[in-house]
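In: Here is a sequence together with a model predicted from it:
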2 protein chains.
Amino acid sequence: MAALDAILNDIDRDLDGALERLFAFLRIESISTDPAYAGACREAAGWLARDLTALGFETGIHETSLYPVVLAHRPKPGTPHVLFYGHYDVQPVDPLDLWETKPFEPRIAEGPDGQKRIVGRGASDDKGQVMTFVEACRAHIAMSGELPCGVTILVEGAEENGSQGLPEWVAENKDKLGCDVVLVCDTSMWDARTPAITTSLRGLCYFEVKVTCADRDLHSGFFGGAARNPIHVLSKIVADLHDADGRVTIPGFYDGVHERPPEVLEQWRGLGLTPEKFLGPIGLKEPAGERGRMPIELIQSRPACDVNGIIGGYTGEGTKTVIASTASAKVSFRLVDDQDPQALARSFEAFVRARVPADCSVEVITYKGSRAVSLPFDMPELALAKRALAEEWGAEAVTVGAGGSIPIVGDFKRILDRNTLLIGFGLDDDRIHSPNEKYDLRSFHKGTRSWARILAAFGEAGRG
Amino acid sequence: MAALDAILNDIDRDLDGALERLFAFLRIESISTDPAYAGACREAAGWLARDLTALGFETGIHETSLYPVVLAHRPKPGTPHVLFYGHYDVQPVDPLDLWETKPFEPRIAEGPDGQKRIVGRGASDDKGQVMTFVEACRAHIAMSGELPCGVTILVEGAEENGSQGLPEWVAENKDKLGCDVVLVCDTSMWDARTPAITTSLRGLCYFEVKVTCADRDLHSGFFGGAARNPIHVLSKIVADLHDADGRVTIPGFYDGVHERPPEVLEQWRGLGLTPEKFLGPIGLKEPAGERGRMPIELIQSRPACDVNGIIGGYTGEGTKTVIASTASAKVSFRLVDDQDPQALARSFEAFVRARVPADCSVEVITYKGSRAVSLPFDMPELALAKRALAEEWGAEAVTVGAGGSIPIVGDFKRILDRNTLLIGFGLDDDRIHSPNEKYDLRSFHKGTRSWARILAAFGEAGRG
């Protein structure tokens, strides 16, 4: 084993090489939600599999019901074994005209904060984050000829598509996924200087609601005031989802939601994350959602409902006097604690149907549903990772709950009975899922160094 | 003066000639909304001016700010004088692939009802309807050498483009437009056997509302429950527009709306137009809008509000966990009686702004606003026209309000202080503004005979 310093120095020395590899990965247009990019998704899997094979991993590409997973093993008997999970697929790029440069032509730019940043779709979510781990492995192998502990890397291609097919694949292949702990690099730091380990995740239920009234588009002069307008019906459904205090009104929605103990609320209060501080950077200042709760409380410990999209009728330039036949909305819920996605699916559909007139119809599509996840605070890997992160960043790592959802973490617990450490180097302004997605060069570089330290610490602990 | 029978016989005898002339008019691609067809619009004006000149009208082509109007005079001192209005421009033809034959190659076809029909763009709206009046004049002149009353014909070329430039031209040329009554042939019959005179038209106000919350799209996992969602804000605005009884809730909205007298309501009730009959053909059966009112009452005598389009966030296939930065809706109002478009614009904007959180913003664009128009039921020309129509069709003419808007009718009232009789022979299935527009041959033939009778009746009344 080379000394950790030599490995960290190798990471510093090879930063340009690491960026070249990341850029090659980022150029592949692996959008999993649009079938037009199916070929690119498979190309991304192939690219990664070749890279891991070159690193000495025993690597395979395994089909699932949608896109294949890349599975790579490099065991080291007598040491702990970690399972690293990430995804090679990316979000769609629309609206394309808001991108300053082409989304799949990655580049280094300087941010308004003077920091260099990697700009392109997937730079942060999740190709950039995945490559921090791969580059950490590369440095260990380059300097020592081996990894400090056993490593299995599992990178899927349908995370942005609800990880379609992955839970089934994990269940059928659990013998290939033996490990002591799961590592995921798909989350954010507390801020640009403070690392974070995410110890809880909100669950996600995602629906589409399509209301149909008349069997054709109508002229609003002829029919206006007499024929039902599906945009009105849908807007009423959306408006009814929240009460005046910002609470979700679906019956039973808060079943299984627990209040946080006073000491946790006190710790959060101590962070000083006021509505102005939290919302100011995105041009807002008044918190939405449940009245009287802190922003951090809302996103980490409370469920939420958001309409992610709505469309109906004429949406072009100028005017058209039409009453549409249909209107539709995409509605998602973030779940916490013991909220049950299946119960929510039932009560949401009943809530919607109760608001559709008898001569109209509604279709409710359920895209996905996952429970919230939380980790035990006393797991030894958590302490090891916190120490390694503190050494790299010179700041104590914060343990946080995350507002977003990574459903597969719940599946790892359920199927593999293993806990997951979520350690990511993204920042809140990375614009993941938006135009001009970026990943700070510092996130990429120090993220790689962080993983090198964490792997070394795990190997060291295994020897002790 | 020849006897009316001789004139009607001449119309029957010359039907093929009349169709030839109409087809020549229909072959001209006078689409006013597309500058590529500017030459064709002027060609249509020229064609009509030549035809009216040949009939002995003193005819001129007058420029407006967009396309010229054709103005033709044939006065007859000592008789009433009518101003006939129509338009020579037509709607665009897209989607072209839905036309069974080329839109500007008119033909006679047999409809599913066994009726012969004229098929082509403009067959009904408005070239076919305009030519019913011109052919009626032609028959009078052919058989009597003169018209039974004074006639001015005004045919514009920008009706499908919002009559751009026409109100200004009418105001500047009111000395050329002296008349006792205005006649318009741009509306429909009650049904294929029952003529109708439209005695009121709803006005129209059209707005776009664009709500902006955060200054960028957000990840709904990160921000859901803490950041304001513009789709929620907009949906609440839309939902708030109507109360549970279907009434519009904007303060002062019903100012200037008058209840119809009991005898009018009774006449409407006698028509037997149940919600099932009115809405059944479009796949609905329960009336929307103000509770407890008949469909015919709602569309003819009551104002209405419809959201004509809404869009925000992710609207593609599948899912995206985004909170949009903006969401927008197109909202239009149909006005009746004395509702004031400018007052509505003010109260609508205030209504919207009151529902936008302080740290969000909203833009309200006003596209257009026109008052409703209604005629006095006791005008003598109405009784004369009703009698003439009854003699032609063997069925009493229904006096109706139209749900749609023809803004120039309000301008005639305002500028010329003259009332307008709207008498048209279109049918609800004419597909005006759609592919395969048609005009029943019976509409064209008996429409011509109807105008011949109406003109004769006006001349007769003037002599009496």
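Out: Great, that's in hand.
In: Give me the contacts around stretch A:143-152.
Out: Residues outside stretch A:143-152 that contact it (CB atoms under 8 Å, 6 or more residues apart in numbering or on different chains): A:1-2, A:6-7, A:10, A:57, A:71-77, A:79-84, A:137, A:140-141, A:176-179, A:455-456, A:458-460, A:462. Any C-beta I mention is one placed from the backbone N, CA and C, and that applies to glycine too.
In: Apply 6 Å and report the result again.
Out: In this structure, residues lying in contact with stretch A:143-152 by CB atoms under 6 Å, 6 or more residues apart in numbering or on different chains are A:1-2, A:6-7, A:10, A:73-76, A:79-83, A:140, A:455-456, A:458-459, A:462.
In: residues of it that come out buried?
Out: A:143-144, A:147-152 (16 or more other CB atoms under 10 Å in any protein chain shown).
In: taking those residues one by one, which sit in strands?
Out: Mapping these onto strands (DSSP state E) picks out A:150-152.
In: between those residues, which is closest to residue A:348?
Out: The shortest gap between residue A:348 and any of those belongs to residue A:152, at 37.3 Å (CB to CB).
In: Roughly how far does the closest one sit from chain B?
Out: Residue A:152 is 26 Å from chain B, where distance means CB to the nearest CB, to the nearest Å.
In: For beta bridges, what are the partners of that residue?
Out: Under DSSP bridges, the beta-bridge partners of residue A:152 are residue A:73, residue A:83.
In: now the strands for the stretch 101-250 of chain A?
Out: Under the criterion DSSP state E, counting those that start in this stretch, the stretch 101-250 of chain A carries strands at the ranges A:107-110, A:116-119, A:150-156, A:181-184, A:196-201, A:203-212, A:218-219.
In: And the average pLDDT for the last one is what?
Out: What it means is strand A:218-219. The predicted model gives strand A:218-219 an average pLDDT of 84.
In: Tell me the strands beside that strand, with direction?
Out: strand A:322-323 (antiparallel).
In: can you give me how far the partner strand is from the chain middle?
Out: 38 Å (CA atoms, centre = their mean, to the nearest Å).
In: same question, stretch A:215-227
Out: Counting by CA atoms, centre = their mean, stretch A:215-227 comes out at 43 Å from the chain centroid.
In: For it, measure first residue to last.
Out: 11 Å (CA to CA, to the nearest Å).
In: in that stretch, what's buried?
Out: Residues A:218-227 are the ones in stretch A:215-227 that count as buried (16+ other CB under 10 Å).
In: State the three-state secondary structure for residue A:257.
Out: Three-state call for residue A:257 (DSSP: H, G, I helix; E, B strand; the rest coil): coil.
In: Sticking with residue A:7, tell me its helix or strand.
Out: Residue A:7 is part of helix A:4-13 when elements are defined by DSSP states H and E.
In: What lies in contact with that helix?
Out: A:139-140, A:142-143, A:448-449, A:452, A:456.
In: go again using 8 Å as the cut-off
Out: So helix A:4-13 is in contact with A:18, A:135-136, A:139-140, A:142-144, A:445, A:448-449, A:452-453, A:456, going by CB under 8 Å, 6+ apart.
In: So for residue A:404, what's the pLDDT?
Out: For residue A:404, pLDDT reads 69.
In: okay, the ones in strands among the buried residues of stretch A:143-152 in a markdown table with pLDDT next?
Out: What follows is these, written out as a markdown table (pLDDT from 0 to 100):
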| residue | pLDDT |
| --- | --- |
| A:150 | 97 |
| A:151 | 98 |
| A:152 | 98 |
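In: Between these, which sits nearest residue A:273?
Out: Distance to residue A:273 across those (CB to CB) is lowest for residue A:151, with 35.3 Å.
In: how close does the closest one get to chain B?
Out: On the measure of CB to the nearest CB, residue A:151 and chain B end up 28 Å apart.
In: again, but for residue A:234
Out: From residue A:234 to chain B the distance is 8 Å (CB to the nearest CB).
In: repeat for residue A:156
Out: 16 Å.
In: what's residue A:255 in contact with, if anything?
Out: Neighbours of residue A:255 in contact, by CB under 8 Å, 6+ apart: A:339-340, A:343.
In: Kindly check the end-to-end length of stretch A:385-401 for me.
Out: Stretch A:385-401 end-to-end distance (CA to CA) = 16 Å.
In: residues in contact with that stretch?
Out: A:190, A:193-202, A:300-301, A:374, A:377, A:382, A:421, A:423, A:446, A:449-450, A:453-454, A:456-457.
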